[in-house]
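In: sequence and predicted structure are below.
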Amino acid sequence: APESIFDKIYSTKSDVWSYGVLLWEIFSLGGSPYPGVQMDEDFCSRLKDGMRMRAPEYATPEIYQIMLDCWHKDPKERPRFVELVEKLGDLLQANVQQDGKDYIPLNAILTGNTAFTYSTPAFSEDFFQEDISAPKFNSGSSDNVRYVNAFNF
């Protein structure tokens, strides 16, 4: 964050800046931030003047806007982490609904005689029905608790 570089101020708002850089790295599939730019006086001056990285190839406009929000010049104007969680959660949920996909709940805890139906063109039903015995971590564990990988398609 500029305030960290220039004034040695470190706060949750500078962490938000760093989180924006992390998002950029994720959506560039591991690219280096500010590619091809020398970290010199000119860079620092341009950063102060508002220069920001371009949108990475795999970021949607909404995700890139979140990055830009994280990189706001004024730390007070950057989102709080709680707001970032909400925004990203909303985007993820909207994409899941739009694509017609569901999350795959792994290691779901099942109690009693819960019946599941698994169907997918890639695997037979038997492939998904193997139970995984759960170790008892405390004396309050119930014998009827099972862990399975549950897939909903």
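Out: Arrived safely.

In: now do the same contact list for the residue lying closest to residue 70 once chain neighbours are set aside.
Out: With CB to CB, 6 or more residues apart in numbering as the criterion, residue 70 has its nearest non-adjacent residue at 2.7 Å, and that residue is residue 20. (Each C-beta comes from the backbone N, C-alpha and C, glycine too.) By CB atoms under 8 Å, 6 or more residues apart in numbering, residue 20 lies in contact with 66-71.

In: try 7 Å this time
Out: Residue 20 sits next to 67, 70-71 when contact means CB atoms under 7 Å, 6 or more residues apart in numbering.

In: which of those count as buried?
Out: Buried members of those, scored by 16 or more other CB atoms under 10 Å, are 67, 70-71.

In: give me the subset of those residues lying in strands.
Out: Applying DSSP state E to the buried ones among the contacts of residue 20, no entry is found in strands.

In: which one of those residues is nearest to residue 12?
Out: For the buried ones among the contacts of residue 20, the minimum distance to residue 12 (CB to CB) is 11.7 Å, reached by residue 70.

In: doesn't residue 18 make contact with the closest one?
Out: No - Residue 70 is beyond contact range of residue 18, at 8.3 Å (criterion: CB atoms under 7 Å).

In: can you list residues touching both of the two?
Out: Counting by CB under 7 Å, 6+ apart, nothing touches both residue 70 and residue 18.

In: done for today, thanks.
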